[in-house]
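Novice: My questions concern the predicted model and sequence given below.
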Amino acid sequence: MQGPSGTEGRGQGFRKAILVNEHYVVHGVPAIAVPVFFPVEVRVMVGRGAGLGVSVRTATGEDARDAEDADRVEAVRRIMKAIGLSETEKNVRIQCSEDLSGWGGLGSSAGFCVALARALCRALDHPCTDEEINRVAYEGEKVFAANPSGIDNTVATYGRPLWFVRGGTPPWEWIRIDPSPLWLVIGNSGMPSRTRVEVERVARFSEARPGLFAELVRDATRLGQDARLALEGGDGKGLGALMNQGHSMLQRVGVSNERLDEMVAFCRQQGALGAKLTGGGGGGCMLALVDDGSSGEAMVSGLEQLGYRAICVPLADKGDQP
(Lines give C-alpha, C1' and ligand atoms only; values in the text may rest on other atoms or scores of the structure.)
Protein backbone atom coordinates (compact mmCIF):
# COMPACT_ATOMS: atom_id res chain seq x y z
CA MET A 1 0.00 0.00 0.00
CA GLN A 2 1.46 3.35 -1.04
CA GLY A 3 0.98 6.20 1.41
CA PRO A 4 2.20 9.77 1.76
CA SER A 5 5.11 8.71 3.94
CA GLY A 6 6.03 5.48 2.13
CA THR A 7 4.73 1.97 1.66
CA GLU A 8 2.84 -0.05 4.24
CA GLY A 9 2.67 -3.76 4.92
CA ARG A 10 0.83 -5.83 7.50
CA GLY A 11 1.40 -9.40 8.60
CA GLN A 12 0.35 -12.00 11.15
CA GLY A 13 2.01 -14.96 12.79
CA PHE A 14 0.34 -17.64 14.90
CA ARG A 15 1.25 -18.58 18.44
CA LYS A 16 1.68 -22.22 19.39
CA ALA A 17 1.38 -24.77 22.17
CA ILE A 18 3.71 -27.76 22.39
CA LEU A 19 1.85 -30.86 23.52
CA VAL A 20 4.95 -33.00 24.12
CA ASN A 21 8.74 -32.79 24.08
CA GLU A 22 9.75 -29.15 24.25
CA HIS A 23 13.50 -28.96 25.03
CA TYR A 24 13.98 -32.59 24.00
CA VAL A 25 13.14 -31.54 20.43
CA VAL A 26 16.47 -29.67 20.30
CA HIS A 27 18.15 -33.10 20.64
CA GLY A 28 16.37 -34.70 17.68
CA VAL A 29 13.38 -36.03 19.62
CA PRO A 30 9.98 -35.73 17.86
CA ALA A 31 7.72 -33.01 19.24
CA ILE A 32 4.09 -32.15 18.54
CA ALA A 33 2.88 -28.57 18.38
CA VAL A 34 -0.51 -27.05 17.61
CA PRO A 35 -1.43 -23.47 16.70
CA VAL A 36 -3.04 -21.10 19.19
CA PHE A 37 -5.21 -18.70 17.23
CA PHE A 38 -4.22 -15.50 18.99
CA PRO A 39 -2.01 -14.13 16.22
CA VAL A 40 0.74 -11.57 16.62
CA GLU A 41 0.11 -8.63 14.27
CA VAL A 42 2.77 -6.31 12.84
CA ARG A 43 2.43 -3.13 10.76
CA VAL A 44 5.42 -1.80 8.83
CA MET A 45 5.99 1.55 7.13
CA VAL A 46 8.98 1.83 4.77
CA GLY A 47 9.83 5.35 3.62
CA ARG A 48 12.61 7.61 2.44
CA GLY A 49 15.66 8.39 4.51
CA ALA A 50 17.29 6.11 7.04
CA GLY A 51 16.58 4.74 10.48
CA LEU A 52 14.67 2.09 12.41
CA GLY A 53 11.90 2.41 14.97
CA VAL A 54 10.15 -0.43 16.81
CA SER A 55 7.14 -0.09 19.11
CA VAL A 56 4.88 -2.62 20.80
CA ARG A 57 1.30 -1.89 21.82
CA THR A 58 -0.88 -4.02 24.08
CA ALA A 59 -4.54 -4.76 23.38
CA THR A 60 -5.43 -1.71 25.51
CA GLY A 61 -3.21 0.58 23.44
CA GLU A 62 -0.46 0.91 26.04
CA ASP A 63 3.24 0.76 25.22
CA ALA A 64 4.67 -2.63 26.16
CA ARG A 65 8.21 -2.67 27.49
CA ASP A 66 10.06 -5.73 28.72
CA ALA A 67 13.53 -7.16 29.13
CA GLU A 68 13.51 -8.53 25.59
CA ASP A 69 13.13 -5.18 23.82
CA ALA A 70 16.80 -5.26 22.82
CA ASP A 71 16.36 -8.81 21.52
CA ARG A 72 13.34 -7.71 19.51
CA VAL A 73 15.29 -4.92 17.82
CA GLU A 74 18.17 -7.28 17.04
CA ALA A 75 15.70 -9.82 15.60
CA VAL A 76 14.26 -7.06 13.41
CA ARG A 77 17.71 -6.27 12.06
CA ARG A 78 18.43 -9.90 11.26
CA ILE A 79 15.12 -10.34 9.46
CA MET A 80 15.66 -7.14 7.49
CA LYS A 81 19.11 -8.38 6.49
CA ALA A 82 17.69 -11.75 5.45
CA ILE A 83 15.35 -10.07 2.96
CA GLY A 84 17.95 -7.54 1.78
CA LEU A 85 16.67 -4.41 3.52
CA SER A 86 19.06 -1.99 5.27
CA GLU A 87 18.08 0.66 7.79
CA THR A 88 20.81 2.87 6.31
CA GLU A 89 18.96 2.92 2.98
CA LYS A 90 15.33 3.12 4.14
CA ASN A 91 13.37 4.56 7.04
CA VAL A 92 11.58 1.62 8.64
CA ARG A 93 8.91 1.98 11.32
CA ILE A 94 7.51 -1.18 12.91
CA GLN A 95 4.50 -1.46 15.20
CA CYS A 96 3.57 -4.74 16.86
CA SER A 97 0.13 -5.36 18.40
CA GLU A 98 0.54 -7.64 21.42
CA ASP A 99 -2.76 -9.07 22.66
CA LEU A 100 -1.17 -11.59 25.06
CA SER A 101 1.63 -9.54 26.55
CA GLY A 102 3.51 -11.52 29.19
CA TRP A 103 2.24 -14.96 28.13
CA GLY A 104 5.59 -16.71 27.78
CA GLY A 105 5.87 -20.19 26.30
CA LEU A 106 3.33 -19.68 23.50
CA GLY A 107 5.83 -18.80 20.80
CA SER A 108 5.09 -15.08 20.73
CA SER A 109 8.61 -14.28 19.57
CA ALA A 110 8.27 -16.64 16.61
CA GLY A 111 4.84 -15.19 15.84
CA PHE A 112 6.42 -11.74 15.83
CA CYS A 113 9.22 -12.84 13.51
CA VAL A 114 6.78 -14.40 11.04
CA ALA A 115 4.44 -11.41 11.16
CA LEU A 116 7.34 -9.03 10.59
CA ALA A 117 8.71 -11.01 7.66
CA ARG A 118 5.27 -10.99 6.01
CA ALA A 119 4.73 -7.29 6.67
CA LEU A 120 8.13 -6.30 5.29
CA CYS A 121 7.68 -8.37 2.15
CA ARG A 122 4.27 -6.80 1.55
CA ALA A 123 5.58 -3.27 2.19
CA LEU A 124 8.36 -3.87 -0.33
CA ASP A 125 6.05 -5.65 -2.77
CA HIS A 126 8.40 -8.59 -2.54
CA PRO A 127 6.59 -11.90 -3.17
CA CYS A 128 7.48 -14.49 -0.55
CA THR A 129 6.31 -18.07 -0.26
CA ASP A 130 5.48 -19.51 3.16
CA GLU A 131 8.70 -21.49 2.87
CA GLU A 132 10.68 -18.25 2.46
CA ILE A 133 8.80 -16.56 5.32
CA ASN A 134 9.61 -19.52 7.57
CA ARG A 135 13.30 -19.39 6.64
CA VAL A 136 13.56 -15.64 7.24
CA ALA A 137 11.65 -15.81 10.54
CA TYR A 138 14.03 -18.50 11.80
CA GLU A 139 16.89 -16.02 11.52
CA GLY A 140 15.08 -13.69 13.91
CA GLU A 141 14.08 -16.52 16.25
CA LYS A 142 17.75 -17.34 16.80
CA VAL A 143 18.02 -14.13 18.83
CA PHE A 144 15.34 -15.19 21.31
CA ALA A 145 16.13 -18.88 21.65
CA ALA A 146 19.87 -19.07 20.83
CA ASN A 147 19.51 -22.64 19.53
CA PRO A 148 15.93 -22.88 18.25
CA SER A 149 14.72 -26.19 16.87
CA GLY A 150 12.58 -24.46 14.23
CA ILE A 151 9.27 -25.79 15.53
CA ASP A 152 7.95 -22.43 16.79
CA ASN A 153 8.47 -20.46 13.59
CA THR A 154 7.07 -23.32 11.50
CA VAL A 155 3.77 -23.40 13.42
CA ALA A 156 3.75 -19.58 13.43
CA THR A 157 4.08 -19.59 9.64
CA TYR A 158 1.63 -22.30 8.63
CA GLY A 159 -0.88 -22.38 11.50
CA ARG A 160 -1.24 -26.15 11.41
CA PRO A 161 -0.59 -28.97 13.90
CA LEU A 162 2.68 -30.66 13.14
CA TRP A 163 5.05 -33.45 14.01
CA PHE A 164 8.56 -32.01 14.12
CA VAL A 165 11.94 -33.76 14.13
CA ARG A 166 14.95 -31.48 14.01
CA GLY A 167 17.30 -32.59 11.26
CA GLY A 168 14.62 -34.64 9.53
CA THR A 169 14.07 -34.52 5.75
CA PRO A 170 11.76 -32.71 5.79
CA PRO A 171 11.83 -31.73 9.48
CA TRP A 172 8.04 -31.68 9.85
CA GLU A 173 4.86 -33.48 8.84
CA TRP A 174 1.32 -32.17 9.15
CA ILE A 175 -0.92 -33.94 11.64
CA ARG A 176 -4.66 -34.33 11.21
CA ILE A 177 -6.52 -34.03 14.49
CA ASP A 178 -9.47 -36.36 14.97
CA PRO A 179 -12.70 -34.28 14.90
CA SER A 180 -13.54 -35.28 18.48
CA PRO A 181 -13.74 -32.01 20.44
CA LEU A 182 -10.75 -31.30 22.65
CA TRP A 183 -9.88 -28.03 24.33
CA LEU A 184 -6.80 -26.52 25.90
CA VAL A 185 -6.81 -24.44 29.06
CA ILE A 186 -3.74 -22.20 29.09
CA GLY A 187 -2.67 -20.84 32.45
CA ASN A 188 -0.15 -18.02 32.91
CA SER A 189 2.28 -18.31 35.82
CA GLY A 190 2.88 -14.55 35.77
CA MET A 191 6.63 -15.18 35.65
CA PRO A 192 8.76 -14.39 32.60
CA SER A 193 9.98 -17.29 30.52
CA ARG A 194 13.37 -16.76 28.86
CA THR A 195 13.78 -19.56 26.36
CA ARG A 196 17.49 -18.96 25.91
CA VAL A 197 18.10 -19.27 29.68
CA GLU A 198 16.11 -22.51 29.98
CA VAL A 199 17.75 -24.07 26.90
CA GLU A 200 21.11 -23.40 28.53
CA ARG A 201 19.83 -24.96 31.79
CA VAL A 202 18.94 -28.19 29.97
CA ALA A 203 22.30 -28.17 28.18
CA ARG A 204 24.07 -28.01 31.55
CA PHE A 205 21.92 -30.87 32.85
CA SER A 206 22.78 -33.04 29.83
CA GLU A 207 26.50 -32.35 30.33
CA ALA A 208 26.39 -33.05 34.07
CA ARG A 209 24.29 -36.23 33.83
CA PRO A 210 24.79 -37.66 30.32
CA GLY A 211 23.58 -41.16 31.17
CA LEU A 212 20.31 -40.01 32.69
CA PHE A 213 19.74 -37.51 29.91
CA ALA A 214 20.27 -40.21 27.26
CA GLU A 215 17.63 -42.30 29.04
CA LEU A 216 15.22 -39.34 29.07
CA VAL A 217 15.80 -38.78 25.36
CA ARG A 218 14.89 -42.41 24.63
CA ASP A 219 11.74 -42.13 26.76
CA ALA A 220 10.81 -38.85 25.09
CA THR A 221 11.13 -40.42 21.64
CA ARG A 222 8.63 -43.14 22.55
CA LEU A 223 6.38 -40.56 24.19
CA GLY A 224 6.28 -38.48 21.02
CA GLN A 225 5.38 -41.49 18.88
CA ASP A 226 2.60 -42.54 21.26
CA ALA A 227 1.25 -38.98 21.49
CA ARG A 228 0.92 -38.76 17.72
CA LEU A 229 -1.11 -41.97 17.62
CA ALA A 230 -3.36 -40.70 20.41
CA LEU A 231 -3.89 -37.28 18.81
CA GLU A 232 -4.67 -38.63 15.36
CA GLY A 233 -6.92 -41.30 16.84
CA GLY A 234 -8.94 -38.92 19.00
CA ASP A 235 -7.76 -40.61 22.21
CA GLY A 236 -7.95 -37.63 24.54
CA LYS A 237 -7.49 -39.72 27.68
CA GLY A 238 -4.36 -41.35 26.27
CA LEU A 239 -2.96 -38.03 25.08
CA GLY A 240 -3.58 -36.49 28.49
CA ALA A 241 -1.69 -39.28 30.24
CA LEU A 242 1.24 -38.71 27.91
CA MET A 243 1.16 -34.98 28.63
CA ASN A 244 1.38 -35.79 32.34
CA GLN A 245 4.41 -37.94 31.65
CA GLY A 246 5.94 -35.17 29.57
CA HIS A 247 5.60 -32.72 32.45
CA SER A 248 7.42 -35.11 34.79
CA MET A 249 10.27 -35.38 32.29
CA LEU A 250 10.53 -31.59 32.10
CA GLN A 251 10.57 -31.39 35.89
CA ARG A 252 13.53 -33.75 35.94
CA VAL A 253 15.67 -31.42 33.82
CA GLY A 254 14.75 -28.46 36.04
CA VAL A 255 12.59 -26.23 33.82
CA SER A 256 9.39 -26.30 35.88
CA ASN A 257 8.76 -24.32 39.07
CA GLU A 258 6.30 -24.08 41.98
CA ARG A 259 3.76 -21.91 40.15
CA LEU A 260 3.66 -24.11 37.07
CA ASP A 261 3.44 -27.23 39.22
CA GLU A 262 0.61 -25.68 41.27
CA MET A 263 -1.45 -24.93 38.17
CA VAL A 264 -0.76 -28.38 36.71
CA ALA A 265 -1.84 -30.09 39.95
CA PHE A 266 -4.97 -27.95 40.24
CA CYS A 267 -6.10 -28.71 36.69
CA ARG A 268 -5.58 -32.44 37.17
CA GLN A 269 -7.60 -32.31 40.40
CA GLN A 270 -10.38 -30.53 38.50
CA GLY A 271 -10.63 -33.34 35.95
CA ALA A 272 -8.19 -32.38 33.21
CA LEU A 273 -7.24 -35.29 30.96
CA GLY A 274 -3.63 -34.16 31.35
CA ALA A 275 -1.62 -31.05 32.17
CA LYS A 276 1.95 -29.85 31.70
CA LEU A 277 4.07 -26.77 31.22
CA THR A 278 4.47 -25.57 27.65
CA GLY A 279 7.39 -23.83 25.97
CA GLY A 280 10.69 -22.94 27.57
CA GLY A 281 9.53 -23.18 31.19
CA GLY A 282 11.08 -21.39 34.14
CA GLY A 283 7.85 -19.40 34.12
CA GLY A 284 5.47 -18.70 31.29
CA CYS A 285 2.47 -20.95 30.71
CA MET A 286 1.03 -24.40 31.23
CA LEU A 287 -1.55 -26.44 29.32
CA ALA A 288 -4.45 -28.58 30.48
CA LEU A 289 -6.33 -30.85 28.07
CA VAL A 290 -10.10 -31.07 28.54
CA ASP A 291 -12.84 -32.73 26.52
CA ASP A 292 -15.41 -29.92 26.47
CA GLY A 293 -15.44 -26.15 26.48
CA SER A 294 -17.64 -25.73 29.55
CA SER A 295 -15.23 -27.75 31.69
CA GLY A 296 -12.43 -25.63 30.30
CA GLU A 297 -14.14 -22.38 31.23
CA ALA A 298 -14.78 -23.67 34.75
CA MET A 299 -11.09 -24.51 35.01
CA VAL A 300 -10.21 -21.00 33.82
CA SER A 301 -12.37 -19.55 36.62
CA GLY A 302 -10.66 -21.76 39.17
CA LEU A 303 -7.19 -20.71 38.03
CA GLU A 304 -8.23 -17.07 38.20
CA GLN A 305 -9.41 -17.56 41.78
CA LEU A 306 -5.91 -18.85 42.55
CA GLY A 307 -4.50 -15.61 41.12
CA TYR A 308 -3.51 -16.80 37.65
CA ARG A 309 -4.67 -15.50 34.29
CA ALA A 310 -6.06 -18.19 32.01
CA ILE A 311 -7.85 -18.76 28.71
CA CYS A 312 -9.59 -21.70 27.05
CA VAL A 313 -9.08 -22.40 23.33
CA PRO A 314 -10.16 -25.23 21.02
CA LEU A 315 -7.56 -27.76 19.94
CA ALA A 316 -8.10 -26.76 16.34
CA ASP A 317 -6.73 -28.38 13.21
CA LYS A 318 -6.16 -25.45 10.88
CA GLY A 319 -6.83 -21.73 10.77
CA ASP A 320 -7.00 -19.27 7.92
CA GLN A 321 -3.63 -18.38 6.47
CA PRO A 322 -2.44 -14.95 7.66
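Specialist: Structure received. As the structure is a computational prediction, the values presented were derived from the model and not from experiment. Residues are numbered from 1 along each chain as shown.
Novice: host element of residue 37?
Specialist: Residue 37 is part of strand 31-47 when elements are defined by DSSP states H and E.
Novice: Same question for that strand: list its buried residues.
Specialist: Buried residues in strand 31-47, defined by neighbour count with 16 or more other Cβ atoms under 10 Å: 31-36, 38-47. In this view, the C-beta of every residue, glycine as well, is placed from N, C-alpha and C.
Novice: next one: stretch 303-319
Specialist: For stretch 303-319, by 16+ other Cβ under 10 Å, it's 303, 308, 309, 310, 311, 312, 313, 315, 316, 317.
Novice: And for stretch 82-92?
Specialist: Applying 16+ other Cβ under 10 Å to stretch 82-92 flags 82, 83, 85, 87, 90, 91, 92 as buried.
Novice: and the two most separated of those?
Specialist: 82 and 91 (19.2 Å; Cβ to Cβ).
Novice: Closest one to residue 137 out of the buried residues of stretch 82-92, please.
Specialist: residue 82 (8.8 Å).
Novice: In contact with that closest one: list those residues for me.
Specialist: 117, 135, 136, 139, 140 (Cβ atoms under 8 Å, 6 or more residues apart in numbering).
Novice: Mind picking the two most distant members of those residues?
Specialist: Pairwise distances across those peak at 10.7 Å for 135 and 140 (criterion: Cβ to Cβ).
Novice: which of those two has more neighbours?
Specialist: Ranked by neighbour count (other Cβ atoms under 10 Å), residue 135 and residue 140 place residue 140 first, with 28 against 16.
Novice: Quick check: bridge partners of residue 54?
Specialist: Taking DSSP bridges as the rule, residue 54 bridges to residue 94.
Novice: ok, it - how many residues close by?
Specialist: Close neighbours of residue 54, defined as other Cβ under 10 Å, add up to 17.
Novice: That one is in contact with residue 72, isn't it?
Specialist: Yes. Using Cβ atoms under 8 Å, residue 54 is in contact with residue 72, at 6.2 Å.
Novice: Find residues that contact each of the two.
Specialist: Joint contacts of residue 54 and residue 72 (Cβ under 8 Å, 6+ apart) are residue 96.
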